[in-house]
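**Q** here is a sequence together with a model predicted from it:
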Amino acid sequence: MNTSELAIEANAVTKEYGDVRAVDSLDLTVKRGETYGFLGPNGAGKSTTIGLLLDYLRPTSGTVRVLGHDPRRDVVKVHGRVGVLPDRFSLYDDRSARQHVAFVAETKGVDDDPAALLERVGLEDAVDDDAGDFSSGMEQRLALAMALVGDPELLILDEPFGGLDPHGVQRVREIVHEETQRDATVFFSSHVLGQVELVCDRVGILHEGQLVAEGTLDELQNQTASPDDGTIEDVFMELTDARVNHGGETR
Amino acid sequence: MRWSPLVRSESRTVLTSKGAWILALLVVLWGFRPTYAGWDAVGQNITIGYIQIGVDLLLPIGALLLSYQSLLGERTTGSIKFLLGLPLTRTQILFGKTVGRFVGVGTAIVAATLVLAGIGLLEHGPFSLVPFFGTLVATLLLASAMVAIGVFISTVTRRTVTAATGVFAYLFATLFWSQIVTSLYTAVTGIPVDPYDAPASGPLFLVLRLTPDGAYNVLTNWFLDVGNSTELFHIVYTKLAPGISVNAFVVEAAFDGSGPWYLHPGLSLVVLLLWVVVPVAFARRVFTRGDAL
């Protein structure tokens, strides 16, 4: 595949913390325009992988390319075209939702209207409220609005459904759909399997730092014991349980 | 500049904090200290001396407290993930943090300086403008040096308690700097140091003026034309007055004439600039290597 067709390309990426191998020889490719669900149990290495894609973390070995660039060397080019919703983040309590979005827009050098973006994520009634007064669901919506600034070519959403009520979850799904309609690539990590099933073109399952399965939902179902009526949850449980039960295989 | 929104955000963080304005208020309250010795030393320029007194003690503490959490705080809460996701290099993030905090601290301290100048003007009449503006520049340089040190501590530490210990260690070391230096001098050379009658040792005097606040006092004493020393201006004057014995290290009292060339007070400008550049350079080296989280 031509490199320019890839939004994300990770080759043999390993990240170690002392004796702990958080990501283990990961090969990952996400095509442009694709919606890719990055699944895995807690502690599988999903957020670490996202940190490596964004140069928050540096790989112990291996190479990463995002939108055709090395995120370490070309961080400005990469981050200028990427929108990020991080996991386990914190907002600035004394700043309003508008100020949060405006700060990202100013730094990205775009003239997006913060109020319009906040309306898009369902925060139209809290545009000038301080983020310190927000519930976790509102914080998640605000972070999504910040990620959407500048119509990014690639959206990296780390656990985007976390803390959201069903309305919020539906809104995120709609936004992901709208973003892919304008040919953006969406890469998100989640363990809310039902939502992944609804929005993703392709799914990768990470377990103990390794990609243990990858493909469309149909392809993954064919790998399970009951390919005809298996859900993505069955696939997930089977693959990750198997690996837990035979942990020695992954290392 | 892409990082100017970060500078604005950081300066806003400082200027909307109570700490910045408490610092400004304390500098005014502590600095305004009319004394006969001060008046005898510099006359109406005692107003400029008020600035030196307030800034010398309180600016290092205040600027450190307003900057040592700048990066660390974002790391511990997780808001750094937004910052790192912006189209900024890590160097630009570090510079944005440093410059923004400096603008905040600098604004508060300039406000305090102007209030002291206003009070002095009403109390004692006009003062000389050249030493006043020289002192203002030196004050801003000290502010930038202290912010640079604070951001450095914030960059190289991973836990708030470690950073706070670093701040305390710095303040402790500079507060007792002359005792530390003289003890080391005696240990190395075997020569006891009597601060009432200090030995004419160039290296001893040089090391005494290598701290940011020491360099600041040397510079401002130079502008006030009271003598070449890291002590406050009225103490320097008293030390050089005939017949009075004071425990202060003053170049003119220890040496015949002005001492070695490297004790020229103008070189304290270089010392202050190094305190700006070196911590930022080390912080950049740490922050641009390895993991940022």
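**A** Right, received. Where do you want to start? Numbers count the residues shown, from 1 in each chain, chains lettered A, B, ... in the order given.
**Q** flag every buried residue along stretch B:106-125.
**A** Of all the residues in stretch B:106-125, those buried under the rule 16 or more other Cβ atoms under 10 Å in any protein chain shown are B:G106, B:T107, B:A108, B:I109, B:A111, B:A112, B:T113, B:V115, B:L116, B:A117, B:G120, B:H124. Bear in mind the C-beta positions are built from the backbone N, C-alpha and C, glycine included.
**Q** just stretch B:243-260 next, same as before
**A** Of the residues in stretch B:243-260, those buried under the neighbour-count criterion (16+ other Cβ under 10 Å) are B:V246, B:A248, B:F249, B:V250, B:V251, B:E252, B:A253, B:A254, B:F255, B:G259.
**Q** could you do stretch B:210-229 as well?
**A** Neighbour counts using 16+ other Cβ under 10 Å place B:211-224, B:226-229 of stretch B:210-229 among the buried residues.
**Q** where do the strands sit along the chain?
**A** Picked chain A for this. Remark: strands of chain A, listed N- to C-terminal, are A:6-17, A:20-31, A:35-39, A:61-66, A:82-85, A:154-158, A:185-190, A:202-207, A:210-215; assignment by DSSP state E.
**Q** hmm, no, I was thinking of chain B.
**A** Under the criterion DSSP E, chain B carries no strands.
**Q** helices or strands next to the lengthiest helix in it in the packing?
**A** In chain B, taking DSSP state H as the definition, the longest helix is helix B:90-124. Judged by 3 or more Cβ pairs under 8 Å, 6 or more residues apart in numbering or on different chains; DSSP states H and E, helix B:90-124 is in contact with helix B:4-15, helix B:18-31, helix B:46-67, helix B:80-84, helix B:129-156, helix B:268-287.
**Q** my guess is B:V251 contacts B:S258. True?
**A** Yes: in this structure B:V251 lies within contact range of B:S258 using Cβ atoms under 8 Å: 6.5 Å.
**Q** what touches both of those two?
**A** Between them, B:V251 and B:S258 share the neighbouring residues B:N228, with contact defined by Cβ atoms under 8 Å, 6 or more residues apart in numbering or on different chains.
**Q** chain B contacts on the stretch 101-250 of chain A?
**A** Applying Cβ under 8 Å from any Cβ of the partner chain, we find that the stretch 101-250 of chain A lies next to chain B at A:F103, A:V104, A:E106, A:T107, A:K108, A:G109, A:A143, A:M146.
**Q** can you do 10 Å?
**A** Remark: the part of the stretch 101-250 of chain A in contact with chain B comprises A:102-109, A:131, A:143, A:146-147, A:149-150, A:156, A:158, using Cβ under 10 Å from any Cβ of the partner chain.
**Q** show me how to select, in PyMOL, the buried members of those.
**A** For anyone working in PyMOL, the buried entries among these, judged by 16+ other Cβ under 10 Å, can be selected with:
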select buried, chain A and resi 102+103+104+105+106+107+108+131+143+146+147+149+150+156+158
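**Q** residue in the stretch 101-250 of chain A nearest to chain B?
**A** For the stretch 101-250 of chain A, the nearest residue to chain B under the criterion Cβ to the nearest Cβ is A:E106, separated by 4.0 Å.
**Q** which residues sit in contact with the closest residue in space to that residue that isn't next to it in sequence?
**A** Distance criterion Cβ to Cβ, 6 or more residues apart in numbering or on different chains; nearest residue to A:E106, sequence neighbours excluded, is B:P5 at 4.0 Å. When contacts are counted by Cβ atoms under 10 Å, 6 or more residues apart in numbering or on different chains, B:P5 is found next to A:A102, A:F103, A:V104, A:A105, A:E106, A:T107, A:K108, A:G109, B:L86, B:L88, B:G96, B:G100.
**Q** can you rerun that using 8 Å?
**A** When contacts are counted by Cβ under 8 Å, 6+ apart, B:P5 touches A:F103, A:E106, A:T107.
**Q** and what of A:V110?
**A** Contacts for A:V110 (Cβ under 8 Å, 6+ apart) come out as A:V149, A:G150.
**Q** buried ones in stretch A:38-54?
**A** Neighbour-count burial for stretch A:38-54, counted by 16+ other Cβ under 10 Å, picks out A:38-41, A:44-54.
**Q** now for the residues you listed: which two are most distant?
**A** By the measure Cβ to Cβ, A:P41 and A:L54 form the most distant pair in those, at 21.9 Å.
**Q** B:I93 reaches B:V7, doesn't it?
**A** No: contact between B:I93 and B:V7 fails when scored by Cβ under 8 Å: they sit 10.9 Å apart.
**Q** may I have the residues that are in contact with the residue in the stretch 101-250 of chain B that chain A sits nearest to?
**A** For the stretch 101-250 of chain B, the nearest residue to chain A under the criterion Cβ to the nearest Cβ is B:R158, separated by 13.1 Å. Shown in contact with B:R158 (Cβ under 8 Å, 6+ apart): B:L72, B:R75.
**Q** distance-wise, check it relative to A:G150.
**A** Per Cβ to Cβ, to the nearest Å, B:R158 is found 32 Å from A:G150.
**Q** which residues of the stretch 51-200 of chain B lie near chain A?
**A** Contact residues of the stretch 51-200 of chain B with respect to chain A, defined by Cβ under 8 Å from any Cβ, are listed as B:T77, B:G78, B:S79, B:K81, B:F82, B:L84, B:G85, B:L86, B:P87, B:L88, B:T89, B:R90.
**Q** tell me the confidence at the last one?
**A** I take that to be B:R90. Model confidence at B:R90, given as pLDDT, is 96.
**Q** which residue packs closest to it, ignoring adjacent ones?
**A** For B:R90, the nearest residue in space outside its immediate sequence neighbours is B:T288; the separation is 4.7 Å by Cβ to Cβ, 6+ apart.
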